[in-house]
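Asks: Show me how the following folds:
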Amino acid sequence: MPQKTFSFDQTKTSYSILIAIAIAHLSNDMIQAIIPASYPLLKENFHLSFAQIGVITFCFQLSSSLLQPIVGAYTDKNPKPYSQIFAMFFSIIGIIALAYSNNYYSVLFSVTMVGIGSSIFHPESSRVAFLSSGGKRSLAQSIFQIGGNTGSALAPLLLALFVLPHGQRYILWFLIIAIVAQFVLGYIASWYKQVLESVKGQSKKLIKVPDLSNTTINFSIFILLLLIFSKYVYIASITSYLQFYMMEKFAITDVQAQVYLFYFLIAIALGTLFGGFLGDYLGRKYIIWFSVLGCAPFTLLLPFASLFWTGILVFIIGLIMASAFPSILVYAQELLPRKLGMVSGLFYGFAFGMGGLGAAFLGYWADHTSLENIYLVCSYLPLIGIMAYFLPNMKKVRFHEV
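Replies: Predicted coordinates for the structure are as follows:
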């Protein structure tokens, strides 16, 4: 019986691959989210200051940000279908090292390994989401993102249930997630390899590029990075310090505080899907503007809220704030359509880098002032979203041969 020839159709959305890459992203980001979720445990075990907590976040975010644009630029010219499997091995090393860490510096090593795994994973994974989108780019990117955000949301809940009551070594249970992910990544790599072979040797094709000057494109990229800065520094303030803030202000336990972090992270997952869906229909510029600027009233209220209203506000903030990222990334990809990997790596890397720098600075600041002071100042960050007004409409396009 003749073997069926694989044919790649760019106009057809491959939902099986989108779901698979979302599951892989869930696994990768769940492993990442172990790090901030374990901060109360690590702070108690190693008697850490808030500045040291910030340095842990900085090391993780730095290792996961610096490599991403480099990996993305390299894979633009040399696609690597199996790179995501390779990336997960670094994350596995990080999990094992974190579970057996017996001092502060071994913790820094373990989070750096997880960061390197993440930096290799994201650029090619984002390209897989793009290739399988069938033209529904914001929706595909949001499905990819919701996988990661769901993993981030589940990590503190699973840690509260299975690790905090028993101890640091129980982090090893997350190896199961990593091993399952390797099988999923193998399926994705097989499809991706077939896509590359299918398009090899084809005649040159025309792609849409925006009819904008290089100055306008560069200025637009700058605005998008500025919005990423405001978004991810604020998110870093929540993921790194919300638990301690809740425990200090409302005298609740670390397990109870993890639940409020879960509210924020699950809202981010839902907001990502919502924002991606609307971005394809209403226009990405308007979703970006609403997402970053729209949560400002709620961030300004958060420092003055009661325990009950804090839970509601962090959920609303997460829901609105998260809706921007799929649209920001796809908008940037449409500005530079010939550099998909580099753009994806730049924006993921910059997001992680800003989160890391923000966490380190905020931790130092918390040690010298107070956690409440952090949230008072950070509440103004979403006002930077007004810069989205200057993003151009990209209705005019021209075609370029590649």
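Asks: low-confidence ranges in the stretch 101-250 of the chain?
Replies: For the stretch 101-250 of the chain, applying pLDDT under 70 flags the ranges 201-211.
Asks: which residue ranges form the helices in it?
Replies: Using DSSP state H, counting those that start in this stretch, the helices of the stretch 101-250 of the chain run over 104-131, 137-162, 175-199, 214-250.
Asks: Which one of these lies nearest to His25?
Replies: helix 137-162 (3.8 Å; CB to CB). Placement of C-beta: from N, CA and C, glycine included.
Asks: and the closest one, how far from the chain's centre?
Replies: Offset of helix 137-162 from its chain centre (CA atoms, centre = their mean, to the nearest Å): 9 Å.
Asks: swap in stretch 252-263?
Replies: Centroid separation between stretch 252-263 and its chain, computed with CA atoms, centre = their mean, is 21 Å.
Asks: contacting residues around it?
Replies: Residues from elsewhere that reach stretch 252-263, judged by CB atoms under 8 Å, 6 or more residues apart in numbering: 37, 40-41, 153, 156-157, 159-160, 164-165, 238-239, 242-244, 246-247, 307, 310-311, 314-315, 318.
Asks: Any of these buried? List them.
Replies: The neighbour count (16 or more other CB atoms under 10 Å) marks 37, 40-41, 153, 156-157, 159-160, 164, 238-239, 242-244, 246-247, 310-311, 314-315, 318 as buried among those.
Asks: picking that back up, closest to Ser65 out of the helices of the stretch 101-250 of the chain?
Replies: Using CB to CB, these put helix 104-131 closest to Ser65, at 7.0 Å.
Asks: helices or strands next to the closest one in the packing?
Replies: Here helix 104-131 touches helix 15-37, helix 39-46, helix 50-77, helix 83-99, helix 137-162, helix 175-199, helix 340-368, going by 3 or more CB pairs under 8 Å, 6 or more residues apart in numbering; DSSP states H and E.
Asks: In CSV: these, plus distance to Leu376.
Replies: Formatted as CSV, the helices and strands packed on helix 104-131 follow (distance: least, CB to CB, whole Å):
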stretch, distance to Leu376
helix 15-37, 21
helix 39-46, 21
helix 50-77, 16
helix 83-99, 32
helix 137-162, 24
helix 175-199, 37
helix 340-368, 11
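Asks: And these: which comes nearest Gly115?
Replies: Proximity to Gly115 (CB to CB) singles out helix 50-77 among the helices and strands packed on helix 104-131, at 3.1 Å.
Asks: buried sites along the closest one?
Replies: Residues of helix 50-77 classed as buried: 50-69, 71-76 (neighbour count, 16+ other CB under 10 Å).
Asks: Out of the helices of the stretch 101-250 of the chain, which gets nearest to Leu270?
Replies: Nearest to Leu270, of these and by CB to CB, is helix 137-162 at 7.8 Å.
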